[in-house]
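J.: Provide a 3D model corresponding to the input given below.
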Amino acid sequence: MMLPRIFIQPKTTFILVLSILFSSLLKAQINPYDINGDGSLSILVIGTSKSIKANSDEFSPFQIRNELENILTNDPSLTLSINVVAEDIYRTKTVLTGIAYDWTGTNVNHYCHSLVQYYFWPENRTSRIDNLKGEDGTDWDYVVIGADPEIISSIPGFYSLGLNKIARKVVEGGGKPLLLMPWTKSLSDIGHFEEFTYRTADSAQVPVDIVPAGLAWNDLPSGKIDISTSHPTPNGAFTCAAAIYSHIFNQSASSSNYVYDNVIADITNTSIGNASSQTHYSGGITFNSPYKNCGISDTALIYNHGGTSTENGILGGLQWVVSQGQKTLQYGNTPHVHFNYGRSSMGTTHLYVIDTSTFDYSFGYPLQDNAITGHTSMQYGIDQRVNETDVETDLGVALDMVEQGELPSARNVPLRTIISQMIEEIPGVNIFPPNDNWHLSNDVNKAIATYMYTVLTGECALDGQPEPVDSTEWRTWMAHKIGYTTAWTMMYMEGYNPCYESILSIKKNRDLEFDFITYPNPTNGRFSIDLGHNHNSISATITDLVGRKIHKETFQNRQYLDFILDEPKGIYFVILEMKNNKSVIKIIKE
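T.: Next up, the predicted model:
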């Protein structure tokens, strides 16, 4: 193998070469599967024991965990201690909820099914997030992330949003996220799961590997496809465990002394090996969902709504974001109106309207809870409350749009998901205005409006505007960022976006004029970039995962760029810009 030519300034050459050699020797003595180097192989398996839709297939982690532990503990080549734990996404809680003008609140049952709800579920949230980061008693080497097949099937953009949030926490803690491809009992939709699992992992904000267990299951002969009331079935759970094992160790689970079914193990290993060289999707997303981009390019956006106070508040946000995007907003009630928007329930008036003869698109949102309980109850109310016919949650509205056949014109506004992110990312954010226990604050309305504007146009209204220093302007800037990035991820299933510093994943560097090598990566802090040839002028900006600028420098007539990253271990980005080209390099500091 030809090694890349390394050029460093003379003073640092000897030290860096020694550093690279020492790092290589050190890693050679550490078991490569023990990512955190603690002498154990710790794997967390996440899945759900109950689907959000009655009579739909769950994807439980418990039997997968058992089979994986059996394979690992009986592998004679492994000298590590083994720790495999299953974590159930599904949970339920009765929550005091202030609905409309009920100022005392009503006890309402809430349910958790999605990765997003699992991430934001308030009960024991700190411990749960710490656990994902390996900081709650177990330092995970791998976190295997499964999900409710119904959510992937109907609203894959929401699945992508959840994966990005959870995987980011895993990587922050030094673990490796593995995305498990599930399936339903009907294998007719295996192509859908293949496409959207791979799209989600390939465009995640942090490195995520695929474990395509669903492809392995699809490759099994009919005699190995067992039937069970549980999902996955016993053979299905073993297939998942064997797929995880094959992905990590690059060999069949039949290498273990644990004998369940070596034929399944060997077929699974072949499927996992073949998947790495196969094409799993092509072109843009054509699947119709409540989060699909509308693609409106007109400079004048025509809207309609029913006139409630909540809708008027959102209108104020729309007026702001449309003006920022240098477009105009006009009211209309005769064909063709670009969009109408309204709530999903609470009476028979002021609802969003599906009427394609007049409205191209219709945005529906769940009514907010009031300020008596809203800061907490809306974080519980992302997925489902009461039962699956209730449409006062984000997924209640989205799945009802699918069930009622309102696509392709219906669009869901995930109001509670947006608010939950604002609570997490904007310290002291006001969800409700001062002395107003019912309506939403200006910043929340701007975040919601930004989400709608992005889904309508695919554009970033604040493109090119730097992060403000003023605290009030910063909160508005963050509201826009949350609305925009939520829409982008759910539309395109991408953790990267072209507005907030992360325009391209490293996999797309080959499409640019840049032809560079980064070394060493992972790094202990010192690394270099070889651009391939001299560039007259190139700027490099280093940011962390949330886009905070750490360092910016412009280089003149340089081929080799040297950096020292004096920051904690984690994921960082180097954004290189030259003329009209931009590329992002992902740097891992160990």
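J.: Would you check that W217 makes contact with F238?
T.: No: in this structure, W217 is not within contact of F238 by C-beta atoms under 8 Å, at 10.2 Å. No exception for glycine: its C-beta is placed from N, CA and C like everyone else's.
J.: gap between the nearest residue to T356 once chain neighbours are set aside and T268?
T.: In this structure, T356 finds its nearest non-sequential neighbour in S409, 5.4 Å apart by C-beta to C-beta, 6 or more residues apart in numbering. S409 is 42 Å from T268, where distance means C-beta to C-beta, to the nearest Å.
J.: between these two, which one's more packed in?
T.: Neighbours of S409 and T268, each counted by other C-beta atoms under 10 Å, are more numerous for T268; the result is 31 against 16.
J.: ok, residues contacting the strand or helix carrying that one?
T.: For T268, the enclosing helix or strand under DSSP states H and E is helix 262-275. For helix 262-275, contacts defined as C-beta atoms under 8 Å, 6 or more residues apart in numbering pick out 210-213, 215-216, 219-220, 224, 235, 238-239, 242-243, 246-247, 250-254.
J.: 7 Å - rerun?
T.: Under the criterion C-beta atoms under 7 Å, 6 or more residues apart in numbering, residues 212, 215-216, 219-220, 224, 235, 238-239, 242-243, 246-247, 251-254 lie in contact with helix 262-275.
J.: buried subset of the residues you listed?
T.: The neighbour count (16 or more other C-beta atoms under 10 Å) marks 212, 215-216, 219-220, 224, 235, 238-239, 242-243, 246-247, 252-254 as buried among the contacts of helix 262-275.
J.: Just the ones in helices from these, please.
T.: Judged by DSSP state H, helices contain the following of the buried ones among the contacts of helix 262-275: 215-216, 219, 235, 238-239, 242-243, 246-247.
J.: got those residues as JSON lines, with pLDDT columns?
T.: Putting those into JSON lines (pLDDT from 0 to 100) gives the following:
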{"residue": "L215", "pLDDT": "98"}
{"residue": "A216", "pLDDT": "98"}
{"residue": "D219", "pLDDT": "97"}
{"residue": "N235", "pLDDT": "98"}
{"residue": "F238", "pLDDT": "98"}
{"residue": "T239", "pLDDT": "98"}
{"residue": "A242", "pLDDT": "98"}
{"residue": "A243", "pLDDT": "98"}
{"residue": "S246", "pLDDT": "98"}
{"residue": "H247", "pLDDT": "97"}
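J.: Need the max-distance pair from those.
T.: Between all members of these, the longest pairwise span (C-beta to C-beta) is found for N235 and H247 and amounts to 18.5 Å.
J.: Pick out whichever of the ones in helices among the buried ones among the contacts of helix 262-275 sits closest to F62.
T.: F238 (13.1 Å).
J.: did I read that right, N340 in a strand?
T.: Yes: the assignment for N340 is a strand, going by DSSP: H, G, I helix; E, B strand; the rest coil.
J.: Would you mind finding the longest helix in the chain?
T.: Among the elements of type helix in the chain, defined by DSSP H, the one spanning the most residues is helix 471-492.
J.: Show the subsequent helix or strand relative to that helix.
T.: Beyond helix 471-492 in the direction of the C-terminus, DSSP H and E gives the next helix or strand as strand 517-519.
J.: Parallel or antiparallel, which strands does the helix or strand just after that following strand pair with?
T.: Helices and strands here follow DSSP H and E; after strand 517-519, the next one along the chain is strand 526-544. Looking at strand 526-544 with DSSP bridges, its paired strands and their directions are strand 517-519 (antiparallel), strand 549-564 (antiparallel), strand 570-578 (antiparallel).
J.: Please identify the most buried of those strands.
T.: strand 570-578 (a mean of 19; mean count of other C-beta atoms under 10 Å).
J.: Go ahead and measure how far the following helix or strand past that one is from the middle of the chain.
T.: Toward the C-terminus, strand 570-578 is succeeded by strand 581-589 as the next helix or strand (DSSP H and E). Relative to the centre of its chain, strand 581-589 is centred 19 Å away, using C-alpha atoms, centre = their mean, to the nearest Å.
J.: i'd like the first residue to be 494 from this point on
T.: Will do, 494 is the new start, and the previous item becomes strand 1074-1082.
J.: Check the average confidence over strand 1074-1082, would you?
T.: Taken as a whole, strand 1074-1082 has a mean pLDDT of 79.
J.: Show me what that strand packs onto, helices and strands only.
T.: Under the contact criterion of 3 or more C-beta pairs under 7 Å, 6 or more residues apart in numbering; DSSP states H and E, the helices and strands touching strand 1074-1082 comprise strand 1063-1071.
J.: Please write out the alpha-carbon positions of the strand it packs on in PDB.
T.: C-alpha atoms of strand 1063-1071 as PDB (Å, rounded to 0.1, in the frame of the first residue of the first chain):
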ATOM      1  CA  GLY A1063     -15.300  14.400  20.000                       C
ATOM      2  CA  ILE A1064     -16.500  15.200  16.500                       C
ATOM      3  CA  TYR A1065     -15.400  18.400  14.700                       C
ATOM      4  CA  PHE A1066     -15.700  19.800  11.200                       C
ATOM      5  CA  VAL A1067     -13.100  21.600   9.000                       C
ATOM      6  CA  ILE A1068     -15.000  23.600   6.400                       C
ATOM      7  CA  LEU A1069     -12.700  24.400   3.400                       C
ATOM      8  CA  GLU A1070     -13.800  27.200   1.100                       C
ATOM      9  CA  MET A1071     -12.200  28.300  -2.200                       C
END
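J.: Right, I'll leave it there.
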